[in-house]
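K.L.:
below are the sequence and a predicted model for it; my questions follow.
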Amino acid sequence: MQTTFPRLLLKHAGERPRATAMREKEFGIWQALYWADLCTLVEHIACGLHQAGLRRDDHMVVVGSNRPRLYATMLAVQALGAVPIPLYQDAVAAECVFPINNADVAFAFAEDQEQVDKLLEIRVLCPQLGHVFFDDPRGLRDYDEPGLASIDELLAAGKAFAGQHPDFFRQQVELAKPDDVAAMFFTSGTTGNPKGVVHTHDSLLDRARAGADFDKLTENEEVLAYLPPAWIGQNIFSYAQWLACGYVVNCPESAATVTIDLKEVGPTYYFAPPRVFEGLLTSVMIRMEDASALKRKMFHAFMALARRVGPDRMDGKPMGLMDRLLYGLGDWMVYGPLRNNLGLSRVRVAYTAGEAIGPDLFQFYRSIGVNLKQLYGSTETAVFVCLQPDNAARADTVGMPIAGVEIKVADNGEILVKSPGLLKEYFKNPT
C-alpha cells in the first residue's frame, strides 16, 4: 500500500501511542520518546515552520548527528510538503555552499554551535538562507544574528499555532501524495559538483519495505543510528525502514561513545562499513594479546573450530555430532562472550556495504554466529538492489536481486538496474 512518511508517523502514533519510537542517550542515561510524543513534537515543529514561512516544495537543509529532533524536523518538513536535504555534519563550510544555492535553500536546522557557525560563515555566499534553527543552545547565548533561533522557540510558536488551528497538521499531511518528492541527497561529486538525487516517498518506502520483507524485520527490532544521516544508507536503516516497520531507533550520546552505546543497546538489526567491523575485531585481538597463555590457547583452538564449521552452521548445513557439541562448548566459553563484548549478542541481521570486505574478516563474524551479509545499492537506487539470503552469504558476492529489481549488464560492462526505488531525477541536472 502506497503511503508517505508523515502518514506512517500518524499510523504508529494512533495504533501504538505508548510504544517507544526513539531513544537518545543524554548524560549517560537513555531517554525514551514514544510515538505519540514524537507525533506531537513533529506537529509543533511543522506548525512553527509554517509560521516562519516554509511552504510546499520549499527545501530545508538539516545538518547534525542522529538526534530525535533532527528526525522530527525532517518529518515536519515532509508534513508540510517541503523537502528535507540532510548534509554531512563533518563537511567544511565551503562544501555546504553548492547544495544550499543549487536547491535555493532558505531554511536550515543546525544541531549545535559548530553547525551554526558553519552556516553563518557562508551566509554571504548564500543570501537566501534566512532562517537557521538550532537544537543545542550551548555556546550560542550571545549570538545575535537575523533569522537565528532555537528549536525551542520554534516549538513554542508552533504549539500556540496548533492550539488555534488543531486540524492544520493533519490536513497538511493528507495533501501529500506517495509520488511527491520526499527527500534529496547530494552525492559526493567526485567528478564535478555534487548532484542532488531526488527521491519520492514511494521510491524510498518501496525499497524500505522490500528490504524489511526480505529479512523479516518487525516492530521489535532495535537499531543504533550512528552513521551520518546525510548518507542514504543510514537514512534508509534509521528513517525509511524505521517508519515502515515501527521499530526503535537509538541515538548515541556522541561519536566517542558509540562502542559503549552499541554494547548497551544490543541492536538486533545492524549496519556498518567494513572498516567498523575491522576496528571491532582489532580491539578484540589486541585484548587477547594481553590475556593469559591458557586463555590465548583456548581462544585460538575454538576459533580454529569456528572457522572450520561456523560458516556452514550459519548456512544451515548439517554438522557432525562432535562438531555440534564442541561448537556449543565454544559458544558458551568464547563465541557468546565475544559477541557480547562486541555489542553484537542480539544481532539477528547485520549488513556491510560501501566497499569490498575481506573474506577473512567476513568469515570471522559468521564463524562466531553473527549473521553478517552484504548488499549492493546506491543513492540513486534507494540502497536495496541486491541482498544476501541468510543461508547464502559469501564474501565474493553481493547476493541476489530482491523483489521488484531487474539487473542487466550492458555490452560495455555497465550495470543497468530497473527498480521501483530509482531516483525521480537529478535536481536541475537531467543529463
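P.N.:
Cool, the structure landed.
K.L.:
contacting residues around V223?
P.N.:
Taking C-beta atoms under 8 Å, 6 or more residues apart in numbering, we find V223 in contact with F237, S238, W242, Y247, V248, V249, N250, P267, T268, Y269, Y270. Backbone N, C-alpha and C define where each C-beta goes, glycine included.
K.L.:
report the secondary structure state of the most centrally placed residue in the chain.
P.N.:
By C-alpha atoms, centre = their mean, the chain has its centre lying nearest to Q234, at 2.3 Å. Here Q234 is helix, with the state taken from DSSP: H, G, I helix; E, B strand; the rest coil.
K.L.:
out of the contacts of V223, list just those in helices.
P.N.:
Residues of those located in helices (DSSP state H): W242.
K.L.:
quick one: which of the contacts of V223 is most hemmed in?
P.N.:
Counting neighbours by other C-beta atoms under 10 Å, Y270 comes out on top of the contacts of V223 with 28 neighbours.
K.L.:
is it bridged to anything, and to what?
P.N.:
When bridges are taken as DSSP bridges, the partners of Y270 come out as A350.
K.L.:
where does the stretch 301-431 of the chain have low pLDDT?
P.N.:
For the stretch 301-431 of the chain, residues meeting the criterion pLDDT under 70 lie at 431.
K.L.:
in what helix or strand does T259 lie?
P.N.:
Element membership for T259 (DSSP states H and E) is helix 258-265.
K.L.:
for that helix, buried residues please.
P.N.:
V258, D261, L262, V265 (16 or more other C-beta atoms under 10 Å).
K.L.:
now, the most widely separated pair of the residues you listed?
P.N.:
Spatial extent of those (C-beta to C-beta) is set by the pair V258 and V265 at 10.1 Å.
K.L.:
shared neighbours, those two?
P.N.:
Jointly contacting V258 and V265 under the rule C-beta under 8 Å, 6+ apart are L224.
K.L.:
quick one: residues in contact with stretch 146-165.
P.N.:
With contacts defined as C-beta under 8 Å, 6+ apart, stretch 146-165 is touched by 41, 43-52, 69, 73, 109, 116, 120, 129-135, 137, 140, 168-169.
K.L.:
now S419: phi and psi?
P.N.:
Main-chain dihedrals, S419, degrees, to the nearest 10: phi -160, psi 150.
K.L.:
from A392, how far out is it?
P.N.:
Distance, S419 to A392, using C-beta to C-beta, to the nearest Å: 21 Å.
K.L.:
what about these two, which has more around it?
P.N.:
Using other C-beta under 10 Å as the criterion, S419 and A392 rank with S419 on top: 22 against 12.
K.L.:
what sits closest to the more buried one if chain neighbours are left out?
P.N.:
The spatial neighbour of S419 that comes closest, neighbours along the chain excluded (C-beta to C-beta, 6 or more residues apart in numbering), is V405 at 4.7 Å.
K.L.:
which among the contacts of stretch 146-165 end up buried?
P.N.:
For the contacts of stretch 146-165, a burial check counting by 16+ other C-beta under 10 Å picks out 41, 43-50, 52, 69, 73, 109, 116, 120, 129, 131-135, 140, 168-169.
K.L.:
can you give me the strands for the stretch 201-350 of the chain?
P.N.:
For the stretch 201-350 of the chain, the strands defined by DSSP state E, counting those that start in this stretch cover 222-224, 248-251, 269-271, 349-352.
K.L.:
how about N429, what does it touch?
P.N.:
Here N429 is in contact with K195, G196 (C-beta under 8 Å, 6+ apart).
K.L.:
low pLDDT regions in the stretch 51-200 of the chain?
P.N.:
For the stretch 51-200 of the chain, the stretches with pLDDT under 70 are 189-191.
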